[in-house]
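[1] Sequence and predicted structure are below.
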There are 2 protein chains.
Amino acid sequence: MRREVTLRDVAELAGVSSRTVSNVVNGYANVTDHTRERVQRAVEQLGYRPNVLARNLAQGRSGQIAVVVPYLDTPYFSELLQSVIRAARVRGYNVLIDQTDGDPEHERAFIAHGSRRLLFDGVIFSPLGLDQQALADRDPTLPLVILGERSSDGSFDHIGIDDVAASRQATEHLLDLGRQRIAAIGDQPYATGEAAQRRTRGFREAHAARGLTPREDLIISTPRFNRPDGARAMAHLLDLPEPPDAVFCYSDLVALGAIRTLVSRGLRVPEDVAVIGYDDIEDGRFSNPTVTTISPDKEAIATTAVERLLLRIGSSTPPEGLEVRAPHRLIIRESTAGRATGTI
Amino acid sequence: MRREVTLRDVAELAGVSSRTVSNVVNGYANVTDHTRERVQRAVEQLGYRPNVLARNLAQGRSGQIAVVVPYLDTPYFSELLQSVIRAARVRGYNVLIDQTDGDPEHERAFIAHGSRRLLFDGVIFSPLGLDQQALADRDPTLPLVILGERSSDGSFDHIGIDDVAASRQATEHLLDLGRQRIAAIGDQPYATGEAAQRRTRGFREAHAARGLTPREDLIISTPRFNRPDGARAMAHLLDLPEPPDAVFCYSDLVALGAIRTLVSRGLRVPEDVAVIGYDDIEDGRFSNPTVTTISPDKEAIATTAVERLLLRIGSSTPPEGLEVRAPHRLIIRESTAGRATGTI
DNA sequence: CTACGCTTTTGCAGCGCTGCAAAGCAAAGC
DNA sequence: GCTTTGCTTTGCAGCGCTGCAAAAGCGTAG
């Protein structure tokens, strides 16, 4: 493998200093047209390509941001990632992806003073099992934006939708349909389940607002928010003496799993049991039935996350930690409204 | 932001040369226990962390591999990526992910002599619209492993399942069920549609083996392999004077889209129309009905891809381009076998 | 003709690490 | 006692680039 062309090679051919070539390549001001042209000709002639590594080392930055998610194969995350990658690329950043498998140790390692540091200039982080302690122990110099769970302590930005409001809205939708026994699948009544708990809060609030109290045995907790969890939880609910006639699922995957169980037991959705999900992933738009859901504005979340992170990376005095509420809306589909609502 | 601790700082504290510290940190042989201990103590005391950037620059490698896929939110790719990331991490490599949106220009740019080069030591590439020309024009020094489509010209490795055999198997399964009018959704009768064409070949071969000829109007081509494509194609098929009684879909997403259309028109799957997919994504295991599919061994594909790539990266004389056939199998679920087959 | 202010160009040091080859050193051999 | 051998340790150069500050060029004013 022959040596790559360097700045110096170009400089020699163009008859200028390597610093000048650097100036031209980086589009710095104050280069005469004459010089610029000569350099550019030399660059093209030699096929010069800047060595990103060297540039980064000299600049002390990496030009990469890391995005850390629990699971890459969860549609919600892959859809979100897609937008993040686009947003980052536009701004000249590469995206390094890491999945933690929800392992708290792994999550902790990622934001702690790490050997991987310097490989990325900042982190967009969607934690799952991260406790307050781990956040406190984190590398304070690492620009950080957190998605989803938890709220900011002022030293980082947090972006998410209003989980309580969205959950209340979802539950109200079921109540509006006249359902009497509404279940909730996805609660996580332990320290790291903040997001889940906020959804449960919304669920309770919606009931309370109408003078109702949800049955405690209809609030099912699940370790994750995936299809098998949903399927299992639904099976459990159906085995109750008085099973629910509607279910609020804390993710679309849970909803899809639940629907699967319902259908395979010969029940009709929504006639026998209405189901509502959360996340608005593509699957829910093509499933049978299609899934009513809370749709967070993923594009907004991704773009804002990248923007805030780059802002942090760029400024020496870190900006105030921001609490950003991304928009969301309720999308009504067949799993609550019935076939009438139609297709996509 | 205070300066980071460097090798030199550690060296000074330990009273040795920085080179020795480097030797200890990298676990090189021939360091006396005594020295090693002193250095390690100093490392811990100062909280030293190697600067990956500098190391990479000095070594002329980046410690990163790029994985390039058309769409990140396609479950097949995100499931595959998940395995690739794990395999790479075990071997000390980070994964840089890029999506091309299937844009041929973008794909081309990625393997051409690129400015991004040096950011990664090699590429695992799953092309969509890449023609032979682009492959020929590629940076010959870039270690490359290609997934899915196309076959190797000897200068890179190619890993995929035997599409023709798998497709024949899928079609045979439908024929075995006694279906008379079998459609195929996903053909791509143009230069960049090699993979699709191989599936069509298997489809035809299965028919031919029984002295049958598929009806040409039942072979539908689609631009992509996603749900909307499948839904549209199925709608078209149902509008034919003599619609099919079985469909071979070139991806599970296409199958899910097709099923969606069938169900929304009040048809029963598989009684009225049997559907078989390809890829074995999780969605198909929880849909209604669950989807019979060709299941490629994704774990094997991912692991092999990473291994071959690192082999290429590691050796100065590039190994012979390998054509690897990963295993696959037919998984029969409800969309062809009916409810009897049960759950997951 | 010198001085001054501005733009353009340059030289150098250094980012933090590793490759290389030489130097140091202790044990073994003659 | 001196050389040889083999293991440890070291020094230096350099990966390719950019920050910094000084130097050079150049037009205008005094």
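    Here it is on my side, so go on.

[2] so where do the helices sit in the stretch 151-300 of chain A?
    Here the stretch 151-300 of chain A has its helices, by DSSP state H, counting those that start in this stretch, at A:163-176, A:194-208, A:227-238, A:252-264, A:283-286, A:298-314.

[3] quick check, the third one touching chain B?
    Yes: legend: contact between helix A:227-238 and chain B by Cβ under 8 Å from any Cβ of the partner chain is shown at A:227-228, A:231. In this view, the C-beta of every residue, glycine as well, is placed from N, C-alpha and C.

[4] Now do that helix against helix A:252-264, angle only.
    Between the axes of helix A:227-238 and helix A:252-264, defined by axes from the mean of the first three to the mean of the last three Cα atoms, to 10 degrees, the angle is 50 degrees.

[5] And the longest one, by the same measure?
    Calculated by the same axes, to 10 degrees, helix A:298-314 forms an angle of 150 degrees with helix A:252-264.

[6] buried ones in helix A:298-314?
    Under the neighbour-count criterion of 16 or more other Cβ atoms under 10 Å in any protein chain shown, helix A:298-314 has A:298-306, A:308-313 buried.

[7] for DNA strand D, what are the nearby residues on chain A?
    A:3-4, A:6-8, A:18-19, A:22, A:25-26, A:48, A:50-51, A:54-55, A:57-59 (Cβ under 7 Å from any atom of the strand).

[8] Contacting DNA strand C as well, which ones from those residues?
    Within the residues of chain A next to DNA strand D, those near DNA strand C by Cβ under 7 Å from any atom of the strand are A:18-19, A:54, A:57-58.

[9] From these, which land in helices?
    A:18-19, A:54, A:57-58 (DSSP state H).

[10] Buried members of the residues you listed into PyMOL, please.
    Command for PyMOL that selects the buried part of those, burial taken from 16+ other Cβ under 10 Å:
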select buried, chain A and resi 57
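
[11] Next, give me the two most distant ones among the ones in helices among the ones next to DNA strand C among the residues of chain A next to DNA strand D.
    Across those, the longest distance by Cβ to Cβ is 16.9 Å; it joins A:19 and A:57.

[12] picking up where we left off before, run through the residues of chain A next to DNA strand D and flag the ones next to chain B.
    A:4, A:50-51, A:54, A:57.

[13] Could I get the contacting residues of residue A:103?
    residue A:129 (Cβ atoms under 8 Å, 6 or more residues apart in numbering or on different chains).

[14] Could you check how far it is from chain B?
    Here residue A:103 is placed at a distance of 12 Å from chain B (Cβ to the nearest Cβ, to the nearest Å).

[15] Do I have it right that residue A:118 meets residue B:57?
    No: with contact defined as Cβ atoms under 8 Å, residue A:118 does not count as touching residue B:57 (11.6 Å).

[16] Any idea how many residues pack against whichever residue of the stretch 201-344 of chain A sits closest to DNA strand D?
    Of all residues in the stretch 201-344 of chain A, residue A:316 sits closest to DNA strand D, at 12.0 Å by Cβ to the nearest atom of the strand. For residue A:316, the neighbour count with other Cβ atoms under 10 Å in any protein chain shown is 5.

[17] sec struct for it, please.
    coil (DSSP: H, G, I helix; E, B strand; the rest coil).

[18] what's the spacing between it and chain B?
    Residue A:316 is 8 Å from chain B, by Cβ to the nearest Cβ.

[19] now swap in residue A:49 and tell me
    Using Cβ to the nearest Cβ, we find residue A:49 at a distance of 5 Å from chain B.

[20] ok but that residue is inside a strand, no?
    No: Residue A:49 is assigned coil when assessed by three-state DSSP, not a strand.

[21] I'd guessed it sits against residue A:9; true?
    No: using Cβ under 8 Å as the test, residue A:49 is too far from residue A:9 to be in contact (11.4 Å).

[22] Thought residue A:158 was touching residue A:323, still the case?
    Yes: in this structure residue A:323 lies within contact range of residue A:158 using Cβ under 8 Å: 5.5 Å.

[23] which of the residues of chain A next to DNA strand D count as buried?
    Here, 16+ other Cβ under 10 Å leaves A:4, A:6-7, A:22, A:25, A:48, A:50-51, A:55, A:57 buried among these.

[24] Throw those residues into TSV and include pLDDT, thanks.
    Converted to TSV, those look like this (pLDDT from 0 to 100):
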residue	pLDDT
A:4	78
A:6	90
A:7	91
A:22	92
A:25	89
A:48	89
A:50	87
A:51	87
A:55	88
A:57	86
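
[25] so which of these comes closest to chain B?
    Relative to chain B, the closest of these is residue A:57; by Cβ to the nearest Cβ it sits at 4.8 Å.

[26] Please name the residues that touch the closest one.
    B:51, B:53-54, B:57.

[27] Nearest to residue B:253, out of those residues: which one, please.
    residue B:53 (39.7 Å).

[28] quick one: low-confidence ranges for the stretch 51-200 of chain A?
    A:113-117, A:131-132, A:149-152 (pLDDT under 70).

[29] With that, I have no additional questions.
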